[in-house]
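Q: requesting a structural model of the entry that follows:
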Amino acid sequence: MPEAQRRILVWNVHGNYLHALSHVPFEWVVPVAADGRPGYTPPTPHLDWPDNIRVVAPQDLRSMQFDAVVYQSTANLADAARLLEPRQLGLPCVYIEHNPPEPSPTESWHPFRHPRGLLVHVTHFNAAMWLAPGVPQRVIEHGVPDAGAGPESRLPRGLVVINHLGRRGRRLGQDIFERARTAVALDLIGMQSEALGGLGEIPNRQVASRMAEYRYFFTPIRYASLGLSLVQAMLCRLPVVGFAATELASVIENGRNGYVDTREARWLEAARALQEDAALAAVWGSAARATALERFGMERFIHEWTAALGAVLEA
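A: Numbers count the residues shown, from 1 in each chain. All right, here's what the predicted structure looks like:
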């Protein structure tokens with residue numbers, strides 16, 4: 001059967017990631033519930049979706065034919081046991097792990113086990129940290145559609161993009177952010193960012209243009225996966241400054257496309273330099289965009305996902 005006709009069941013766990021995944025040449029079936037509960041919301045209406053996305057009611061899944069299933073959370077696994085027939089549960093499948101391990105960074109066993117399954121990590125750091133012996137695994141790094149580099153003139157400020165930062169606290173670096181904004185000019189956007197004096201949530205279609213107004217991207221995060229927003233900012237020619245954690249050290253080359261360090265004085269110095277020197281920000285920003293295009297381009301992402309799903313389907 002041609003790949004374009006292969007039908008894959010997938011839940012809408014991360015809207016922007018699903019948008020990128022929908023560019024892989026399969027038919028993607030997304031369950032959507034009328035009550036809008038998490039994992040069952042429609043594909044984000046503010047994005048341009050290809051025509052290979054099909055929305056169905058969860059109760060209709062049992063009667064459908066699929067070639068494979070893509071899980072992205074333990075909630076997906078539990079829901080599948082309730083919504084799918086045994087024959088569907090036995091189909092080739094992929095579990096996309098978007099996060100580093102919890103609760104322990106080094107001793108956490110991954111919950112996914114399936115005789116026809118593949119575990120896909122989105123960063124090499126995550127893959128190295130999860131315990132999953134005996135489970136076939138791959139790393140497929142993010143693919144982010146290019147919205148353009150943005151204007152030359154930028155506000156002499158940094159931008160932070162984190163949802164629910166006030167609720168997520170130290171792990172996402174709330175304390176680092178609050179100290180940093182007393183020393184440099186920073187704006188925060190994201191869900192419930194108003195509680196911390198931020199600018200609120202920005203619609204998906206407007207995020208890239210808003211990012212492109214700033215001189216650099218600031219990340220205070222201590223422990224999380226590499227965010228799609230950080231890659232999007234790099235595509236918009238924002239150098240990245242902040243706390244050096246998880247996968248970030250393999251993406252940012254200090255003095256070239258940004259500056260990350262565990263020493264606060266060092267990244268504050270870099271943030272001040274970018275704030276004061278538009279030419280420096282432009283040079284680092286151009287290098288950041290080049291890094292993002294090479295490492296997180298859609299062509300590579302589509303190729304690797306097509307190969308991974310092809311291998312699962314043929315196993």
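Q: which ones are touching residue 227?
A: By C-beta atoms under 8 Å, 6 or more residues apart in numbering, the contact set of residue 227 is 161, 219, 221. Backbone N, C-alpha and C define where each C-beta goes, glycine included.
Q: most distant residue from the middle of the chain?
A: In the chain, the residue that sits farthest from the middle, by C-alpha atoms, centre = their mean, is residue 63; the gap is 31.8 Å.
Q: before we move on, the earlier item: for residue 114, state which of the contacts of residue 227 is nearest.
A: For those, the closest approach to residue 114 (C-beta to C-beta) belongs to residue 221, at 30.8 Å.
Q: can you pull the contacts of the closest residue to that closest one other than its chain neighbours?
A: The shortest distance from residue 221 to any residue other than its chain neighbours is 4.9 Å, reached at residue 173 (C-beta to C-beta, 6 or more residues apart in numbering). Neighbouring residues of residue 173 by C-beta under 8 Å, 6+ apart: 162, 165, 219-222, 242-243.
Q: name the nearest residue to the residue positioned nearest the centre of the chain, sequence neighbours excluded.
A: Centroid-nearest residue in the chain, with C-alpha atoms, centre = their mean: residue 228, separated by 3.7 Å. Using C-beta to C-beta, 6+ apart and skipping the chain neighbours, the partner closest in space to residue 228 is residue 16 (5.1 Å).
Q: how near is the one you found to residue 145?
A: Plainly put, residue 16 is 9 Å away from residue 145 if you go by C-beta to C-beta, to the nearest Å.
Q: residue 17 now?
A: 12 Å.
Q: ok, now residue 44?
A: 13 Å.
Q: need the residues touching each of the two.
A: Between them, residue 44 and residue 145 share the contacting residues residue 19, judged by C-beta under 8 Å, 6+ apart.
Q: what about residue 29, neighbour count?
A: Residues near residue 29, counting by other C-beta atoms under 10 Å, number 22.
Q: no, scratch that, I was asking about residue 225
A: 18.
Q: ok so, going back, reformat the contacts of residue 173 as CSV; add distance to residue 291 and neighbour count.
A: Shown next, in CSV, are the contacts of residue 173 (distance: C-beta to C-beta, whole Å; neighbours: other C-beta atoms under 10 Å):
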residue, distance to residue 291, neighbour count
162, 21, 25
165, 25, 24
219, 15, 30
220, 21, 24
221, 18, 24
222, 22, 17
242, 16, 29
243, 19, 22
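Q: mind checking which of those residues land in strands?
A: Those of the contacts of residue 173 mapping onto strands are 219, 242-243, per DSSP state E.
Q: list just the nearest of those to residue 304.
A: So of the ones in strands among the contacts of residue 173, ranked by how close each gets to residue 304 (C-beta to C-beta), first place is residue 219, at 24.9 Å.
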